[in-house]
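# Here is my input, please return the structure:
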Amino acid sequence: MLVVLVHVTVRVEAIEAFKTATVANATASRKEPGIARFDLIQQTDSPEKFVLVEVYRTSEAAVAHKETEHYQRWRDTVAPMMAEPRVGLKYRSVDPGDEAW
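So this is what the prediction gives:
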């Protein structure tokens, strides 16, 4: 499993629009066969800060995700809402029960 945590800081006035666009992207992304999990979380003490939790079955699935229409629409829609560039950090599962072991 490939886990990607995407840290996003949104302009305060764009928070609700960002949530709407990102929930739509997450909903469509969960239907992709290579995605095991796709969540949006919001920081409680700084509501302009979000993390997308993306869990892919393979690294190829992560590449395929970026080729989807819903991802590209999300990327283009939220770009002007960002207070700073988003940061994606990649992790791998260390669970011995995970097929990646």
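# hey, let's count contacts and neighbours off CA atoms from now on
Noted.
# Packing partners of the lengthiest helix in the chain?
Of all segments of type helix in the chain, defined using DSSP state H, the longest is helix 15-29. Using 3 or more C-alpha pairs under 8 Å, 6 or more residues apart in numbering; DSSP states H and E, the elements in contact with helix 15-29 are strand 35-42, helix 69-78.
# Redo the ones you listed as JSON lines? Include mean neighbour count, distance to V51 and mean pLDDT.
Shown next, in JSON lines, are the helices and strands packed on helix 15-29 (neighbours: other C-alpha atoms under 10 Å; distance: least, C-alpha to C-alpha, whole Å; pLDDT from 0 to 100):
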{"stretch": "strand 35-42", "mean neighbour count": "17", "distance to V51": "5", "mean pLDDT": "97"}
{"stretch": "helix 69-78", "mean neighbour count": "14", "distance to V51": "14", "mean pLDDT": "97"}
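# now those as CSV including distance to K49?
Output for these, formatted as CSV (distance: least, C-alpha to C-alpha, whole Å):
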stretch, distance to K49
strand 35-42, 6
helix 69-78, 14
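# now the longest helix of the chain, how far from the centre of its chain.
10 Å (C-alpha atoms, centre = their mean, to the nearest Å).
# contacting residues around that helix?
10, 35, 38-40, 47-48, 65, 70-71, 74, 77-78, 81 (C-alpha atoms under 8 Å, 6 or more residues apart in numbering).
# ok, these vs V87, which is closest?
V10 (12.3 Å; C-alpha to C-alpha).
# So what sits opposite that closest one in the bridge?
On the basis of DSSP bridges, V10 is bridged to M82.
# and it, what does it touch?
F18, E48, K49, F50, M81, M82, A83, E84.
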